[in-house]
Every structure is written in C-alpha cells, then in structure tokens.
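quick one, structure for this:
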Amino acid sequence: MLNIDGIQIGERLRIVREDREYSVNALARLADISASYISDLENGKKANPSIKELVKICKSLNIGLDVLLDAGRFSQFKNKSALVIPNSLVPFLENGTITLRQAKKILEMFPAETEIAARSGSVEARSSNSWENIIKVLKEEGVLDD
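Below is the predicted model of the structure:
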C-alpha cells in the first residue's frame, strides 16, 4: 500500500471521489480505467499504483496529483470541501427529509448559515422550524429535485 504521511493514497482518493459525488464506476468510465483497479486502490490492495493511472484519475477528478501525494495539499482540499451542517438542519438529514446533496444545495443558497455553524459550532442562525419551512418551499418549487 502506498502510504504517505500516514494516510493511504486510496483513502485520499475515496474522499475526493465521494466529494465529487462520483461512484467508482463513474470515475472508472471517466478515467478509462477499470472499476476494480480504482476499488483495489481505494481499499489498499494496490501496493504500487501506476503514476500514469493516478494521473488519469486525477484529471478525471479535476485535481492535481499533488492532492493525492502531498499531505499539505490534501489537507487544503479537505478543508475547502468539508461541509459544515448546522445542528438544526441535521435532523432533516437523519430522518430522510433531505439528502446530503440537497443539504449542500440549501447551504449554497444560505452561505452565512455554514459560516456561523463553522465558527461557533453551536450557535444556530435558524431554528428547525425555519429550516422545515425553507425545505418545504424549496421542494414545492422543485429547487431540491435531484
């Protein structure tokens, strides 16, 4: 297993792939690589992955190879892509009212909510009732259709 700074390349690849919302099969098609190769890489079964294959994967994910190979660059990517969900919105994810993709859409429409949750961790700008009304309207308007 290729391991750099304690994190396997496969683990980093999985995190980036999931952030991009690609399935293993979708990424395999984009990169013109077998799905089993990507799966084996993510699961640590490829001890010495080909740089050529890694480059194809990275191009398909629209990232530089350094994101997979350099801990500092990976941390920058991870910090930029991390989704901070306000506590008052979490129950709607847990009970299936909205999907993670829909939560991302909502928070893109209300960026201040994410910023407040990230800074404070506990202070909520909106109540659960407020989110419930927002979700209802967005669904009625078709904004949250996947």
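
for Glu53, pull up the helix or strand it's in.
Taking DSSP states H and E as the criterion, Glu53 maps to helix 51-61.

which outside residues touch stretch 52-60?
9, 13, 27, 30-33, 37-38, 64-65, 67-68 (Cβ atoms under 8 Å, 6 or more residues apart in numbering). The C-beta positions use only the backbone N, C-alpha and C, and glycine is treated the same way.

can I get that stretch in CSV, CA atoms only?
C-alpha atoms of stretch 52-60 as CSV (Å, rounded to 0.1, in the frame of the first residue of the first chain):
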residue,chain,number,x,y,z
LYS,A,52,0.1,7.0,-15.3
GLU,A,53,-3.1,5.6,-13.9
LEU,A,54,-3.1,8.1,-11.0
VAL,A,55,-2.7,11.0,-13.4
LYS,A,56,-5.7,9.8,-15.4
ILE,A,57,-7.7,9.5,-12.2
CYS,A,58,-6.7,13.0,-11.0
LYS,A,59,-7.5,14.6,-14.4
SER,A,60,-11.0,13.0,-14.2
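
so for it, mean pLDDT?
The predicted model gives stretch 52-60 an average pLDDT of 91.

repeat that for stretch 96-113.
Across stretch 96-113, pLDDT averages out at 79.

thinking again about what came up before, counting neighbours, which of the contacts of stretch 52-60 comes out on top?
Leu68 (28 neighbours; other Cβ atoms under 10 Å).

mind listing what that one touches?
Counted by Cβ under 8 Å, 6+ apart, Leu68 has contacts 9, 12-13, 16, 54, 58, 74.

go with 6 Å
9, 12 (Cβ atoms under 6 Å, 6 or more residues apart in numbering).

kindly state the pLDDT recorded for it?
pLDDT, Leu68: 82.

secondary structure element holding it?
Short version, using DSSP H and E: Leu68 is in helix 65-69.

check the offset of stretch 128-141 from the chain's centre.
24 Å (Cα atoms, centre = their mean, to the nearest Å).
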